[in-house]
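Undergrad: need coordinates for the following:
(2 chains)
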Amino acid sequence: MTSTPRAGGRLQDRIVVFFVVLLMAVQLVSFVLIRYAIDQTAQNTLREELRVGARIFQRLLQQNSQRLVESTVVLTSDFGFREAVASRDRPTIISVLTNHSARINATGVALLGLDGIVVTDTLQSANEGKPYPEPGILALAASVGRASAMRLIDGRPFQSVIVPVLAPQPIAWVSMDFLVDEVTARDLKNLSSADVSFVNVSERGIELLVTTLPASRRGDLAPQARVIVGEGLDGTRVAMGGEDYEALATLLEGGRGRGIYTILQRSVEEGLAPYKALEAALFIIAGLSLAVTLVGSIRIAQRITRPVTQLAEAAREVERGNYDVRLDGHGRDEIGALATAFEGMVRGLNERNRMRDVLGKVASSEVVTQLMEGRIELGGAEVEATVMFTDMRNFTTIAESLPPQHSLQLLNRVLTEVSEVIESHGGVVDKYLGDGAMAVFGAPITREGDAQRAVMAALEIQTRVAALGPELAKRGLPGAQLGVGMNTARMIAGTIGSPSRLNYTVLGDGVNLAARLEGLTKRYHVPIVAGSNTRASVSGFVWRELDKVRVRGKTVAERIYEPLGREGEVPAGELARLAQWHAALEAFRSRNWHRTHAYLGVLADHPGYGRIVSIYAGYLRELEARPPGDDWDAAFTLYDK
Amino acid sequence: MTARDTLGNPLEDVVVWAMPKAAAPLRTRPAAVEQRNKTFIPLVSVVQTGTLVHFPNRDEIRHHVYSFSPAKRFEIKLYAGTPVDPIAFDKPGEVVLGCNIHDHMIAYIYVVDSPWFAKTDKDGNARIDGLPAGDYDLNGWHYAQDKSSASIPVGLRADDARSAAFSIGRRPMRPGPVAK
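TA: Numbers count the residues shown, from 1 in each chain, chains lettered A, B, ... in the order given. All right, here's what the predicted structure looks like:
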């Protein structure tokens, strides 16, 4: 089971989140900027359009008034009209005025004397006989021959035109008034594509005269009109009925913040409509690029993390001991290089592991470990250790009677048992020698109780090998008998050989002695022979001294012993005989041959003493035949191996 | 006599006449205002009351001469050549002539109750000869004057020569149709 990294911690997620968040941030920023630019552009465009609208509007008004002026001029140039006016006959004059003004759809018409006194006025008859109420327009007409202006009559806006009646010199003034109504405003709206309102600004406030705004919006305009008029042609943005409008005002008649203004206004919403489409397109593009980025970054992240995950999985496999890991085909990129290196590493690990396995088989695992950790150096060190040699006493005989395979089976079975016991007691099997093994307790690691454990191992080896008897018999194999020789001494421990091929082992006289002692098990017909150092190094065992031997080339004789078992486990009868035996040895070494004979005679028939008694009987015969000199030390000289 | 405007420039076409305190003799001579090249010639005429004035049309096109002036209202509908009947100017005062089909055409006939009159030339000078000795009011009139000029009283003896100067304020002329 692979351990899943905690959510949010996955590299893949982080890569994807990074790219997506980055893109979203960039998009957000650009969207805000674009939005801002659009707003600005839209407002500017809208305002500019309004200004253009205002110019068009003014031009239209100008043309309109021009047209009215021209019409009026043509009308007043009519000979009959002039003749009628010249007739000074009032009813005739009123009649011709009414008649002719109807020709050009004037709302009202007035005749003024050259002195500016109203002769007759169809709209405001109250003015008759009084000076014309708009002396400014009249003055303009007097100076340039014709005039046109906006003015209010009874709160309604009129375009008033004043021209002279020429005969051919001016004989009177004619004033024609044209009502500016919603129809006029709508015509203007169609041409300037903005809502058109006429307002009158006076000290009493702002009065809405005519507008193309729907009735529902009219109430909203009045409160804003002051601001709009104040901004004039600069334009401003006002909210009306919950909708934003760009609005500007142009002065038609008057001045200094009073007079008749036109307010042009356009809905910002409508002005923004083309940009809304752009915005929608931007949204779609942003969404698409987000989707592409999402998919793309997931794929890129997977391309990175999948091999990494696979590598991690493979590494876990290797950790579990499975070196047979295969990574999918990897590319030439960095991850591919990593995978290749990883595979190389696994191959190397695998090789070394196999080598370690093999090493463990040919050398002790402790030695292998120390070797691998580089703690064992060529040259070695002097250590106090106990060396043990085992030998299958009757193997040659058995091998002769068995097929080679079976004899090897037997040997391996026994050696396995021996190795197990040695290793379980902290010993190291140094090497196998033919049908035997050499083991060391105390090297390469010296520990407390090495000798003690060695003795226990020797005793257990005997027990375990004896216990193999029934199993071997079942397979048609004879029982095995092992001889164990052991000695404790200072010795050289270390790797021996060349740097490319090394052997860890121990060397020294003490080792040689142990090998000799193993050989002595056959002479004394005992399972175990230990040197005196071993005996001295341990406690809690019952020992039988066997003899005193002198190794060739050594002057000092060595006492050799056989461990009989742990104290308290050896039967009392056996202990009594052991005492007799040791008394016999005492007598022998003090040259009391007679007494020695007596002890040997008592012991000769007891199991385990037959062979040793006969050996000592042999000694006695020789000593009695040739009595020893004073330097006799009761030692037996070991000549053979 | 000399006539200048208020800026001191010589004023042409100023009508000057000497109005005797005693009754003036009637010595009318037929006069004419031509229409040539869509223009009245002369621009300003001065006649004694009762004078018959002819309006010969020297153009290829017709003209419709009219006047709505109180001193003489008349019209001669579209005609070519010289109408058989001249128009009698029987009241003193200013008569403005126009042509109904040519708005720019304009002329002035000033009717006076005296046979002694003259017009200033382009230097603003005019001369009246042959006045019998007696008391006169010297008058001046210009078609663009802003108000009537004051009469200048003079007493003339035989073989007397007197000079007088008029200063006449001009009103701005109306911008009117121009000749096409």
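Undergrad: please count neighbours and contacts with C-alpha atoms only from this point.
TA: Fine.
Undergrad: low-confidence ranges in chain A?
TA: Segments of chain A classed as low confidence (criterion: pLDDT under 70) are A:1-9, A:257, A:329-330, A:358-368, A:370-379, A:499, A:639-641.
Undergrad: and it, which residues reach chain B?
TA: Within chain A, the positions lying close to chain B (CA under 8 Å from any CA of the partner chain) are A:79, A:83, A:86, A:142-145, A:167-169.
Undergrad: okay, and which of the residues you listed map to helices?
TA: A:79, A:83, A:86, A:142-144 (DSSP state H).
Undergrad: top of the residues you listed by neighbour count?
TA: The member of these surrounded by the most neighbours (other CA atoms under 10 Å in any protein chain shown) is A:Ala142, with 21 neighbours in all.
Undergrad: excluding covalently adjacent residues, which one is nearest to the residue in chain A positioned nearest to chain B?
TA: Across chain A, no residue is closer to chain B than A:Pro168, which sits at 5.2 Å (CA to the nearest CA). Once flanking residues are discounted, A:Pro168 sits nearest to B:Gly98: 5.2 Å by CA to CA, 6 or more residues apart in numbering or on different chains.
Undergrad: who does the lowest-mean-pLDDT helix or strand in chain B touch, helix- and strand-wise?
TA: Using mean pLDDT, DSSP states H and E, strand B:152-156 stands out as the lowest-scoring helix or strand of chain B, at a mean of 81. Here strand B:152-156 touches strand B:134-141, going by 3 or more CA pairs under 8 Å, 6 or more residues apart in numbering or on different chains; DSSP states H and E.
Undergrad: now the strand it packs on: average pLDDT?
TA: Looking at strand B:134-141 alone, the average pLDDT works out to 90.
Undergrad: what angle do strand B:152-156 and that strand make with each other?
TA: Note on geometry: by axes from the mean of the first three to the mean of the last three CA atoms, to 10 degrees, strand B:134-141 and strand B:152-156 are set 150 degrees apart in direction.
Undergrad: neighbouring strands for strand B:134-141, and are they parallel or not?
TA: Applying DSSP bridges to the sheet, strand B:134-141 is found paired with strand B:15-20 (antiparallel), strand B:152-156 (antiparallel).
Undergrad: for those strands, give me TSV that also has distance to B:Gln35.
TA: Formatted as TSV, the entries for these read as follows, by distance: least, CA to CA, whole Å:
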stretch	distance to B:Gln35
strand B:15-20	21
strand B:152-156	35
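Undergrad: pick the most deeply packed of those.
TA: The highest mean neighbour count among the strands paired with strand B:134-141 belongs to strand B:15-20 (a mean of 24), with neighbours defined as mean count of other CA atoms under 10 Å in any protein chain shown.
Undergrad: return the alpha-carbon coordinates of that one using CSV.
TA: Taking only C-alpha atoms (Å, rounded to 0.1, in the frame of the first residue of the first chain), the coordinates of strand B:15-20 have been written out as CSV:
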residue,chain,number,x,y,z
VAL,B,15,-30.8,117.5,-52.0
VAL,B,16,-30.6,121.2,-51.3
TRP,B,17,-33.3,123.7,-52.1
ALA,B,18,-34.1,127.3,-51.3
MET,B,19,-37.6,127.8,-50.0
PRO,B,20,-38.8,131.3,-50.6
